[in-house]
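# sequence plus predicted model, see below.
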Amino acid sequence: MSFRSYAPGDFEAMFALDEVCFTPEFRFSRSSMRRFAEARRARVVIAEAEGVLAGFVIVHLEKMGGTNVSYVVTLDVAPDWRRLGLAARLMHEAELASTGCAAMLLHVFTGNEDAIRFYERLGFERSHTEEAFYGEGLDAFVYRKRLDPAQAS
């Protein structure tokens with residue numbers, strides 16, 4: 001498995017994987033996915049196995065109340081690579097790409113028990129609930145993880 005940064009040629013494979021990973025109400029549109037992946041503040045980590053996309057994570061570096069934070073936009077892992085530790089490795093790479101950030105934030109659908117357990121095992125703590133974050137009746141928990149303060153600026 002190799003990890004690298006995003007290149008524009010990765011977009012179609014990323015978009016196709018997102019459609020496999022998420023049901024329609026949680027998927028990004030093509031234009032949204034491109035905007036998230038190619039934003040100036042985006043850090044995208046691509047995981048490849050023998051030249052094939054195995055997974056990716058998109059994080060955005062943002063200012064929040066005068067503090068630098070990293071926001072996880074999406075984490076996608078191909079079905080053949082699930083439950084093998086790739087998602088955790090991608091999140092570790094995302095943390096490394098978040099140098100200078102005091103915390104990492106993300107949203108999780110309140111009904112996604114597997115994702116909730118996964119992020120809590122990685123040290124994320126539930127902050128609060130945002131009603132209708134994904135649409136009517138689709139609430140999200142907001143999770144936060146403190147990053148190494150020695151790395152924050």
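Received, thanks. These figures come from a predicted structure and were not determined experimentally.
# residues touching the nearest residue to residue 21 once chain neighbours are set aside, list them.
Nearest in space to residue 21, with sequence neighbours left out and distances taken as Cβ to Cβ, 6 or more residues apart in numbering, is residue 76 at 4.6 Å. C-betas here are computed from N, CA, C, even on glycine. Residues in contact with residue 76, defined by Cβ atoms under 8 Å, 6 or more residues apart in numbering, are 14, 17, 18, 21, 22, 55, 56, 57.
# got a list of contacts for stretch 32-39?
6, 8, 10-11, 14-15, 18, 28, 42, 44, 58, 60, 73-74.
# quick check: buried residues in that stretch?
For stretch 32-39, the neighbour count (16 or more other Cβ atoms under 10 Å) marks 33, 36, 37 as buried.
# next: stretch 88-103.
Buried residues in stretch 88-103, defined by neighbour count with 16+ other Cβ under 10 Å: 89, 90, 91, 93, 94, 95, 97, 98, 101, 102, 103.
# quick one: secondary structure of residue 18?
helix (DSSP: H, G, I helix; E, B strand; the rest coil).
# where do the helices sit along the chain?
With DSSP state H as the criterion, the chain has helices at 11-21, 30-38, 86-96, 113-121.
# give me the helices and strands touching the last one, please.
If contacts are counted by 3 or more Cβ pairs under 8 Å, 6 or more residues apart in numbering; DSSP states H and E, helix 113-121 sits against strand 103-109, strand 140-146.
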